[in-house]
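# Everything below, folded, please.
(2 chains)
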Amino acid sequence: MPVTVEIPKEKWTGSVREVTLGATAEQGGTRAKMVTVGGETTLPFLHFEGKMPNPPAIAIEIQDHYPEDWSPLLKEAWGDALSDPATWAEKAEGYGADIIMLKLRGADNEGNQTTPQEAAATVEKVLAATGLPLIVRGPGQAELDNELLVAVAEAAKGERIVLGLCEDKNYRTIVAAALAHSQLVISSTPMDVNLSKQLVILISDMALPLNRILMDPTTGALGYGIEYGYSVMERLRIAALTGDAMTQQPMICFVGEESWRQKESKAGEGVPEAWGDWAKRGVTWEAMTATTLLQSGADIVTLRHPETVGIVKGFIVKLMAGS
Amino acid sequence: MALSGLEIYKLLPKTNCKECGFPTCLAFAMKLAAKQAELVACPYVSEEAKAALAAAAAPPIRLITISSNGKKIEVGNETVMFRHEKTFYHEPGLLVRVKDTQPLEEFEAIVTRAASYSVERVGMELSVSGLAVENASGDPTLFTECIESLRAIAKLPLVLMSKNPAAMEAAVTKLKGAVPLLYAADKDNWQAMAEVAKKHKLPLAVREGGGLTALANLVEQVKGAGVEDIVLDPGARGPVDSLISLTQLRRLALKKNFRLLGYPIITFPGEGAASEAEEAALAAQHIAKYSGFVVFDHFDPATMYSLLTLRLNIYTDPQKPIQMEPGVYEFGEPTVDSPLLTTTNFSLTYFSVAGELESAGIPSWLLVCDSEGMSVLTGWAAGNFDAEVIAKMVKQFNVANKIAHRKIVIPGLVAVISGELEDELSGWEVRVGPREAVDIPAYLKLWQS
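As a prediction, this is how the structure comes out:
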């Protein structure tokens, strides 16, 4: 008597919220396309038991001033584009980015602090150079973040850009700017399910609709705490699918930033021979961090190296087959 | 899957004879369920009940071991779908495949490079787990010869790959001191393959790409032929197919206690990938999502290092952060005038800092504080690495007796606590060091007491 295998399927009751970045002319913006992420009704890529209506998106990170501190491998890959955010954004679009993420450094290379006017002008230039939706992150210093992001939100009125990062000690001004100018925000918390949930509640209490909030659960790079982020993300996603409303935001992971600051990517000399070829290692480190976090529920991964973008994009296409 | 006390009770004689030492059969059943009693204590238990209890006690995914000359790969016995539910126990073997159709020189070169590969990470030596030899030629003699040349170079655990049971028999007979995995029995050769496996008491992979029902039926036949140690190949190769198959297999084993599919899985990322980079991404997926043996078609140090790192990360017990012993560590031969730095006892933080201090070439002291295994920022946020804790550690480990100066360097990420720390440590100067460990050597070059 032959056996028959019945495939066990999970019956999830919840789903991830859909969030749309960018606005076309019809929506009151100037973007050539919009990007929707989220909407999953099952764990990543398990198409046999649920829906994954939107593929995970790739954002390429650009900065407003030449990133002196970046790995020589990245400098070589981008060349002169690094000195001009508009050229950089255009090139990033050419490499297949779905979204551009502009990180404001907070100061130029002579140490002059960025003014709100300068930040706004950079954002306008970038918006003019690319038709992709935009994410703008402040330098990560509360006061300066607030000053710059308020100006940026105003300059990009109607474009549905994403402002980041909202943190538990500093979110009110950024959320208010998003409310005033119809933008989105990133809610960022340090690798903890409850903190993550709590900040989403606080932000939505300010009347920002939930379909305008992305969650950053905090990313650890391969070899540098990836397992913590990975498991927190799996727990958040399972909570979302179980119906816990405040965990249902799409997740964004700053993969490029975390991966490229590690010694494996930064250092070509004075490292063990067993680490292998430097250029290959840098790209593999970033790609593997990205694809591993896609397995735990990342909806947007931000990347730095053009070659990684190709690898991760190709992998996403294959994982979405049969959806 | 473990039985509950009531389920066990149903299997007992229910006579309450007390000979087991417990007042009732139900009480005895409860103790059995809690693993505080042994079934042999009951003199009247039926054979049927014994079998049922033994089967229930067996792990839902069978533990499979392959070995050679003291080295082994042990996989299976997993108990959860997600590592946060408990932990993943047995790291998948990462193996490199060679073929008997490769020119001997190339064959030997790959074997030599793969087998001698070793890299250190957070104090651990990581290396390639084993090798797979494929009888791509179909010729039994060539297969055996290749295995002999491989054995002359490397004594790692092996997967022998051949469709031909005669080639397998010939190869196995020559292998002394090793327990290889035989790959694979399929619907055409399973009887003869099972015979080889049974005769030599070796684990056998079962390959069937026609769906999990077909796979389970083939496994049943192989089991019926007397093979106990089985490894599964559901035939899926691409990223999404293999993710789905491997997830379904794990669920069937853990949630349905489906015995016929309760075995570790073998995967071949190179066969499902269009490029070497994609092979690496797919292998990473197999490490995170449920493979037991991952067989590569390419060996490259940069990729292998990344994958070994990922395996280490994913298989870290999430309930036990790896911690260092708090205390004062020496780098080089520090004197009373050498710089003093401080960091947390989270192993990853410690090893990042220690690596830089070793390579800096400037002798130094490192005060490792008890942050309960948290990293710098997490520890600071949780109050486990703040001014109070650092000051306490400075006193506890008598740091003042080791150095003549009174200067302590704190990580740049916690620059905000420098004022508080100066208040806690009167007479000390608190200096803010770099945010990243990688910048420590440059910082130390400029450090002056």
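
# Spell out which helix or strand contains the spatially closest residue to A:V3 that is not a sequence neighbour, please.
Among residues not flanking A:V3 along the chain, B:A216 sits closest, at 5.1 Å (CB to CB, 6 or more residues apart in numbering or on different chains). To be clear about C-beta, it is placed using only N, CA and C from the backbone, and glycine gets the same treatment. Here B:A216, judged by DSSP states H and E, is contained in helix B:212-224.

# how deep is B:K14 tucked in, by neighbour count?
12 (other CB atoms under 10 Å in any protein chain shown).

# Give me the secondary structure label for it.
coil (DSSP: H, G, I helix; E, B strand; the rest coil).

# Name the residues of stretch A:130-144 that are buried.
A:130-140, A:144 (16 or more other CB atoms under 10 Å in any protein chain shown).

# sorry, back to before: and the residue nearest to A:V3, how far is that from B:A192?
21 Å (CB to CB, to the nearest Å).

# What of B:G270?
From B:G270 over to B:A192 (counting by CB to CB), the distance is 27 Å.

# more neighbours, those two?
Between B:G270 and B:A192, counted using other CB under 10 Å, the more crowded position is B:G270 (20 against 16).

# ok, how many other residues are close to the nearest residue to that one once chain neighbours are set aside?
Spatial nearest neighbour of B:G270, excluding adjacent residues (CB to CB, 6+ apart): B:D297 at 3.0 Å. Counted with other CB under 10 Å, residues neighbouring B:D297 total 17.

# Same check on B:R121?
18.

# and residue 95, what does it touch?
Chain wasn't specified; assuming chain A. With contacts defined as CB atoms under 8 Å, 6 or more residues apart in numbering or on different chains, A:Y95 is in contact with A:60, A:306, A:309-310.

# um, chain B though
Applying CB under 8 Å, 6+ apart, one finds that B:L95 lies in contact with B:73, B:128-132, B:157, B:159, B:293-296.

# Just give me how far the helix holding B:A216 sits from the chain centre.
28 Å (CA atoms, centre = their mean, to the nearest Å).

# Need the CA coordinates for it. CSV is fine.
Included here for helix B:212-224 are C-alpha records, laid out as CSV according to Å, rounded to 0.1, in the frame of the first residue of the first chain:
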residue,chain,number,x,y,z
LEU,B,212,7.5,14.0,-2.0
THR,B,213,5.0,11.1,-2.3
ALA,B,214,7.3,9.4,-4.7
LEU,B,215,10.3,10.1,-2.5
ALA,B,216,8.6,8.7,0.6
ASN,B,217,7.6,5.5,-1.3
LEU,B,218,11.2,5.0,-2.5
VAL,B,219,12.4,5.6,1.0
GLU,B,220,10.0,2.9,2.3
GLN,B,221,11.3,0.4,-0.3
VAL,B,222,15.0,1.2,0.7
LYS,B,223,14.1,0.9,4.4
GLY,B,224,12.3,-2.4,3.6
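
# which other helices and strands contact it?
Here helix B:212-224 touches helix B:190-200, strand B:204-207, strand B:230-233, helix B:239-255, going by 3 or more CB pairs under 8 Å, 6 or more residues apart in numbering or on different chains; DSSP states H and E.

# so how far is the second one off the chain centroid?
In other words, strand B:204-207. The answer for strand B:204-207 is 22 Å, by CA atoms, centre = their mean.

# Spell out whether it and chain A are in contact.
No - Strand B:204-207 lies out of reach of chain A by CB under 8 Å from any CB of the partner chain, never closer than 13.9 Å.

# Remind me what that strand packs against, helices and strands.
Checking 3+ CB pairs under 8 Å, 6+ apart, strand B:204-207 ends up next to strand B:181-185, helix B:190-200, helix B:212-224, strand B:230-233.

# again, only using 6 Å
strand B:181-185, helix B:212-224, strand B:230-233 (3 or more CB pairs under 6 Å, 6 or more residues apart in numbering or on different chains; DSSP states H and E).

# quick revisit: most neighbours among the contacts of A:Y95, which one?
Going by other CB under 10 Å, A:I60 tops the contacts of A:Y95 with 27 neighbours.

# Show me what it is bridged to.
A:I100, A:L303 (DSSP bridges).

# got a list of what it touches?
A:92, A:97, A:303 (CB atoms under 6 Å, 6 or more residues apart in numbering or on different chains).

# Spit out the contact partners of B:R121.
By CB under 6 Å, 6+ apart, B:R121 has no neighbours at all.

# what are the ranges of the helices in the stretch 151-300 of chain A?
Listed in chain order, the helices of the stretch 151-300 of chain A (DSSP state H, counting those that start in this stretch) span A:172-180, A:193-205, A:226-242, A:255-260, A:263-266, A:278-295.

# Which among these is found nearest to B:A41?
helix A:226-242 (40.9 Å; CB to CB).

# starting at the chain centroid, how far to the closest one?
When C-alpha coordinates are averaged (CA atoms, centre = their mean), helix A:226-242 and its chain have centres 16 Å apart.

# Equivalent analysis for stretch B:146-162, please.
For stretch B:146-162, the distance to the chain centre is 23 Å (CA atoms, centre = their mean).

# Next to chain B in this structure, residues from the stretch 201-323 of chain A, please.
A:222-223, A:226-227, A:231, A:234-235, A:263, A:274-277, A:280-281, A:284-285, A:288, A:291-292, A:295, A:311, A:315, A:318-319, A:321-322 (CB under 6 Å from any CB of the partner chain).

# what sits against the residue of the stretch 101-250 of chain B found nearest chain A?
In the stretch 101-250 of chain B, the residue that lies nearest chain A is B:V119 (3.8 Å; CB to the nearest CB). Taking CB under 6 Å, 6+ apart, we find B:V119 in contact with A:274, B:126, B:305.

# So it: helix, strand or coil?
strand.

# how about the nearest residue to it, chain neighbours excluded?
A:A274 (3.8 Å).

# Measure how buried the one you found is and give me the count.
A:A274 has 18 nearby residues by other CB under 10 Å.
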